[in-house]
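> give the three-dimensional model of this entry:
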Amino acid sequence: MRDCEGVFEDMLDGDPRNLSDEELIAAQQLVATCLNIVQILAERGAVDFEPDMDLSAVVKTLNDAAN
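Numbering: from 1, shown residues only. So this is what the prediction gives:
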């Protein structure tokens, strides 16, 4: 996941490299999955999604509630 983040940062910083077809599919799936996870955490944590929100607190709250 961190490798994918690094590749996207490089792309946005003007030092792009093309992804292979396989890497592109994996990156698209990873981005979609990450967004779904953030949405689930925001909804179940009863918070409005904000780009800079601290999701670690939401995860901890959900974990504490599960015990």
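> residues near Asp3, how many?
10 (other CB atoms under 10 Å). Using the backbone N, CA and C atoms, a C-beta is placed for each residue, glycine as well.
> kindly report the same for Leu41.
Residues near Leu41, counting by other CB under 10 Å, number 19.
> and Val59, by the same measure?
Using other CB under 10 Å: Val59 sits among 13 other residues.
> what's near enough to touch it?
By CB atoms under 8 Å, 6 or more residues apart in numbering, the contact list for Val59 reads Leu41.
> what about the helix or strand containing it, average pLDDT?
Element membership of Val59 [criterion: DSSP states H and E] is helix 55-66. Summarised as a single mean, pLDDT over helix 55-66 is 77.
> name the residues of that helix that are buried.
By 16 or more other CB atoms under 10 Å, the buried positions in helix 55-66 come out as Val58.
> output that helix in CSV with nothing but the alpha carbons.
Output of helix 55-66 as CSV, limited to C-alpha atoms (Å, rounded to 0.1, in the frame of the first residue of the first chain):
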residue,chain,number,x,y,z
LEU,A,55,-9.3,8.0,11.4
SER,A,56,-7.2,6.3,14.1
ALA,A,57,-9.5,7.7,16.7
VAL,A,58,-12.5,6.3,14.8
VAL,A,59,-10.8,2.9,14.5
LYS,A,60,-10.0,2.9,18.2
THR,A,61,-13.6,3.8,19.1
LEU,A,62,-15.0,1.0,16.9
ASN,A,63,-12.5,-1.4,18.4
ASP,A,64,-13.4,-0.4,22.0
ALA,A,65,-17.1,-0.8,21.2
ALA,A,66,-16.5,-4.3,19.8
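> and Thr33, what element?
Per DSSP H and E, Thr33 falls inside helix 21-44.
> any idea how far apart the tips of stretch 40-55 sit?
Start-to-end span of stretch 40-55 (CA to CA, to the nearest Å) is 11 Å.
> coming back round to it: any idea how far the helix holding Val59 is from the chain center?
Its chain's C-alpha centre and that of helix 55-66 lie 17 Å apart, by CA atoms, centre = their mean, to the nearest Å.
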